[in-house]
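K.L.:
Give me a model of this one.
(chains A and B)
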Amino acid sequence: MSLRLYNTLSGQVEELKPQPGKPLGMYACGPTVYDYGHIGNFRTFIHVDILRRFLKLEGVPLRHVMNITDVDDKIMAKAAAAGQSIGDYTAKYEAAFLEDLKALGIEQPEYLARATENISLMVGLVEKLVERGCAYRGENGSYYFRIASFPGYGKLSKKDLAGMEDGARVDVDEYDKDSARDFALWKAAKPDEFHWDTELGPGRPGWHIECSAMATAYLGETFDLHTGGEDLMFPHHENEIAQSESASGKTFARHWMHIRFLLVEGKKMSKSLGNFYTLRDLLLRGYKASAIRFLLTAVPYRNQLNFTFEGLTEATNAVERLRTFAQRMRTGEFPAGSDASILEATQRAGKNFIASLEDDLNTAEARAAIFELVRLANSSADRGELKQDNIAPILEVLAKFDQVFAVLEDHDDAVTRFALDWAAKENRLNEATPELVAGYSLSPEAIDKLVEERTQARKARNFAHADAIRKELAEKGILLEDSADGVRWHRK
RNA sequence: GCACCGGUGGUGAAGUGGCUAACGCGCUGGUCUGCAAAACCAGUAUUCGCGGGUUCGAUUCCCGCCCGGUGCUCCA
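P.N.:
The predicted structure follows:
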């Protein structure tokens, strides 16, 4: 295995390798659980998942940690507005986040690290930074990191400190910092504000310190890989490096992977532009989880992806084609023997698939390798050239593909049902399309029954009745396919 | 303003200093089908934003311009 991955720190594509005899340690910046996750969040998490799954496929042992930020200013404000404790408030969104991961086929990391469960680690780290002279206590009781004490500041985001003059922007309550660029490690509680009573005084941790403290606790002072969305590069990751390396005197993460933002309909996704979508929004509009996942991997992680509803439809069709093909390979009847050129092409597809991913996770090329195999196998099957013994190797390549892309196995029905149940509970069923609601009001058994009725009508050559049933089902998003060995139905 | 990334067919896009510029989706025609669907076959960019340069040769490297996006502030 030799995964070459772009490293933001060096600005170059470098081999990603664990330390000898150790699992690969990776820390993924996770969500702040103050609301439902949106597709931009999930593009990042899906690409980290692609990386994770690919490493596993290549047999690399992993120690993957993801933080859950369950305390910050936004959470405190929202919880207060809802009249809830921050724990009650975040529990709902953390659960939703984990459900969404599952819906999208994103594997859970080995460890989830909650900020609120690791406060003492953060306090310890701040104390250490104070001891080392890299941090100081402001008049209001907050603690700040002194950027001037860390010469390497800016090395990740390639920022030139000279261009960042003091005083350009100063927040109202930040008057007690020595320099405007210094950032908070610990925020002192205002009267009646939620806080922890600690050696640093009553307060809560700053955002950056949580990742430094937890990454170090789970993975050590130096570890292999740190991931996150491109926006986190500065200031979040830059600050993590400053804190961690000041405290340990060692390199923090060796390799940094940043996932590019996606665009929605050509613009940055934002609530004000009205192009802001959560996973659940899309599911209620009738899009399948597999299509969403597939679309989000269409463009390699370092390129911008333009997310559109058209693209979602395209992805739906592409996934359907792959599934139809997998089904044909699994259940089709083929003549005995083996065709050497097909076998050769299968092996080539498998190799190209792996080689593309090894090349900085080029998901677009990896998919192309699979589609080439699909076309070749389908056309040779139509010509009668595909033989029994060609099937196993093809299925093996498909299995590898699916271990990384995870779209062949069909969980879409269950996921959509889950989303509809959730919408019903939240009183948001009106957001679901009528077709979707109608389609899911039919149980699979009821659909089977209608399909059977149509089959009988066809046998009796009563095509008018048969077509009426097909039309009725189509209006509920259920499509039929007549084949030699029966009728297959699937949802649009 | 400063910094970074990108502009490839109807569309989403991959890629490369020189073979017929991948792959997906769409569209048109055909095979198959009671009709469809699925699958397959054929067609669908003499050309990679514009101008200049380097080179025997550039879509690919360099410079300028135009356009889009992003970061510099909470944000995946």
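K.L.:
buried set for the top helix by length along chain A?
P.N.:
Criterion DSSP state H: the longest helix present in chain A is helix A:309-331. Residues of helix A:309-331 classed as buried: A:311-312, A:315-316, A:318-320, A:322-323, A:325-326, A:328-329 (neighbour count, 16 or more other Cβ atoms under 10 Å). The way it works is simple: take the backbone N, C-alpha and C, and place the C-beta from them, glycine included.
K.L.:
same thing with stretch A:468-484?
P.N.:
Those would be A:469-470, A:473, A:476-478, A:480, for stretch A:468-484 by 16+ other Cβ under 10 Å.
K.L.:
If we check RNA strand B, which of the buried residues of helix A:309-331 are in contact?
P.N.:
Among those, the residues lying close to RNA strand B (Cβ under 7 Å from any atom of the strand) are A:311, A:315, A:318, A:320, A:325.
K.L.:
in those, which two residues are the furthest apart from each other?
P.N.:
Maximum pairwise distance in those, criterion Cβ to Cβ, is 21.0 Å, between A:G311 and A:F325.
K.L.:
residues in contact with A:A326?
P.N.:
Applying Cβ atoms under 8 Å, 6 or more residues apart in numbering to A:A326 gives the contacts A:395, A:398, A:408.
K.L.:
So the last one sits against A:D402, correct?
P.N.:
If I follow you right, that is A:L408. Yes - here A:L408 reaches A:D402: they are 4.4 Å apart, a contact under Cβ atoms under 8 Å.
K.L.:
what sits opposite the spatially closest residue to A:A253 that is not a sequence neighbour in the beta ladder?
P.N.:
Leaving aside its chain neighbours, A:A253 sits nearest to A:H226 (3.6 Å; criterion: Cβ to Cβ, 6 or more residues apart in numbering). A:H226 forms beta bridges with A:Y27, A:W256, as assigned by DSSP bridges.
K.L.:
Number of residues surrounding A:H226?
P.N.:
27 (other Cβ atoms under 10 Å).
K.L.:
Please list the residues of the stretch 251-400 of chain A that sit near RNA strand B.
P.N.:
A:259, A:261-263, A:266-269, A:298-300, A:303-306, A:308, A:310-311, A:313-315, A:317-318, A:320-321, A:324-325, A:362, A:364-365, A:367-368, A:371-372, A:374-375, A:378-379, A:381-382.
K.L.:
now the stretch 1-150 of chain A
P.N.:
Residues of the stretch 1-150 of chain A lying close to RNA strand B by Cβ under 7 Å from any atom of the strand are A:29, A:31-32, A:38, A:40-41, A:43-44, A:74.
K.L.:
need the strands for the stretch 351-492 of chain A, in chain order.
P.N.:
Taking DSSP state E, counting those that start in this stretch, the strands of the stretch 351-492 of chain A run over residues A:478-483, A:486-491.
K.L.:
List just the one of those that sits closest to RNA strand B.
P.N.:
strand A:478-483 (3.3 Å; Cβ to the nearest atom of the strand).
K.L.:
what sits up against the closest one?
P.N.:
Contacts of strand A:478-483 (Cβ under 8 Å, 6+ apart): A:439, A:442, A:447, A:451, A:454, A:470, A:473-474, A:487-492.
K.L.:
give me that answer again for 10 Å
P.N.:
Contact with strand A:478-483 is made by A:320, A:324, A:327-328, A:331, A:435, A:438-439, A:442, A:447, A:450-451, A:454-455, A:458, A:466, A:469-470, A:472-474, A:487-492, as judged by Cβ atoms under 10 Å, 6 or more residues apart in numbering.
K.L.:
Neighbours of the closest residue to RNA strand B within chain A, how many?
P.N.:
Of all residues in chain A, A:G229 sits closest to RNA strand B, at 1.4 Å by Cβ to the nearest atom of the strand. Residues near A:G229, counting by other Cβ under 10 Å, number 20.
K.L.:
now swap in the one 4 residues further on and tell me
P.N.:
Residues near A:M233, counting by other Cβ under 10 Å, number 17.
K.L.:
do you know how far it is from A:H258?
P.N.:
Distance, A:M233 to A:H258, by Cβ to Cβ, to the nearest Å: 5 Å.
K.L.:
still on that earlier bit, and which of the ones next to RNA strand B among the buried residues of helix A:309-331 is nearest A:S2?
P.N.:
Nearest to A:S2 out of these is A:A318 (Cβ to Cβ; 28.9 Å).
K.L.:
what about that closest one, distance to A:G311?
P.N.:
As defined by Cβ to Cβ, A:A318 lies at a distance of 10 Å from A:G311.
K.L.:
Spit out the residues that contact the two alike.
P.N.:
When contacts are counted by Cβ under 10 Å, 6+ apart, A:A318 and A:G311 are jointly contacted by A:291, A:294-295, A:298.
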